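Asker: sequence and predicted model, in that order:
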Amino acid sequence: MPSPTQKVLSAIQNIPKRRKSSPALDSTPARGKENVPPGASSARRRMPKAKPRPSLPAINSNESFIQMPDTSQKWLPQDGYIIIKVWVPSTDDVWKMKVAEDVSLDAFSARVARKVAFPVAFSTVVAGQMRAIETEEEFRGWVARRVRYGRNHLLTVHKAE
């Protein structure tokens, strides 16, 4: 039975050797180095030539540069339901919650609280500033303006204090 030191030595000796990457294989080795005797020619692999790129069509000034699909219809109410996106920073989760169009702040808060398992408070970004949504009137106003430029903006969920 081999001794522990012999096992360690055999394990070290069986580690795969580092190989040269392909660009290093393509270069011509120096004469007298790497088992190439001086004066002998080394076999050198050639890189395939790059194919010419096809010419790009000209862009007319009347055409828009990027054609984006119209997503503004995606977030409109369907069958009396809307989708409100909710972000929970503590778990870094974003949920899409399908709720009735006329959902109240209390009912929505209760539904989100059941999902995250703690009492919640909401905030959103308005004109670059974080604003708390505390009243039914603020919530109704946010729901009416949640879709801007075809994007459904989200509510941020905080633990209520």
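Answerer: Great, that's in hand. The structure presented is a predicted model; accordingly, all values stated were derived computationally and were not measured.
Asker: residue contacts, the nearest residue to residue 106 once chain neighbours are set aside?
Answerer: Once flanking residues are discounted, residue 106 sits nearest to residue 136: 7.9 Å by CB to CB, 6 or more residues apart in numbering. Where you see a C-beta, it was placed from the backbone N, CA and C, and this is true even at glycine. Going by CB atoms under 8 Å, 6 or more residues apart in numbering, residue 136 touches 104-106.
Asker: of those, which is the most crowded?
Answerer: residue 105 (18 neighbours; other CB atoms under 10 Å).
Asker: quick one, what contacts the closest residue in space to that residue that isn't next to it in sequence?
Answerer: Residue nearest to residue 105 in three dimensions, not counting chain neighbours: residue 139, with 4.1 Å by CB to CB, 6+ apart. Residues in contact with residue 139 (CB under 8 Å, 6+ apart) are 104-105, 108, 122, 133.
Asker: hmm, 10 Å instead?
Answerer: By CB atoms under 10 Å, 6 or more residues apart in numbering, residue 139 lies in contact with 103-106, 108-109, 122, 124, 133, 155.
Asker: spell out the secondary structure type for it.
Answerer: helix (DSSP: H, G, I helix; E, B strand; the rest coil).
Asker: so what does whichever helix in the chain runs longest touch, helix or strand wise?
Answerer: Longest helix in the chain by number of residues (criterion: DSSP state H): helix 105-116. Under the contact definition 3 or more CB pairs under 10 Å, 6 or more residues apart in numbering; DSSP states H and E, helix 105-116 sits against strand 81-88, strand 93-100, strand 120-126, strand 129-133, helix 136-144, strand 154-159.
Asker: okay if I get the ones you listed as TSV plus mean pLDDT?
Answerer: As requested, the helices and strands packed on helix 105-116 are arranged in TSV below (pLDDT from 0 to 100):
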stretch	mean pLDDT
strand 81-88	91
strand 93-100	90
strand 120-126	88
strand 129-133	87
helix 136-144	90
strand 154-159	90
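Asker: closest one to residue 53 among these?
Answerer: Of all those, strand 93-100 sits nearest to residue 53, with 39.4 Å by CB to CB.
Asker: the closest one versus helix 105-116: what angle between them?
Answerer: Orientation of strand 93-100 against helix 105-116 (axes from the mean of the first three to the mean of the last three CA atoms, to 10 degrees) gives an angle of 140 degrees.
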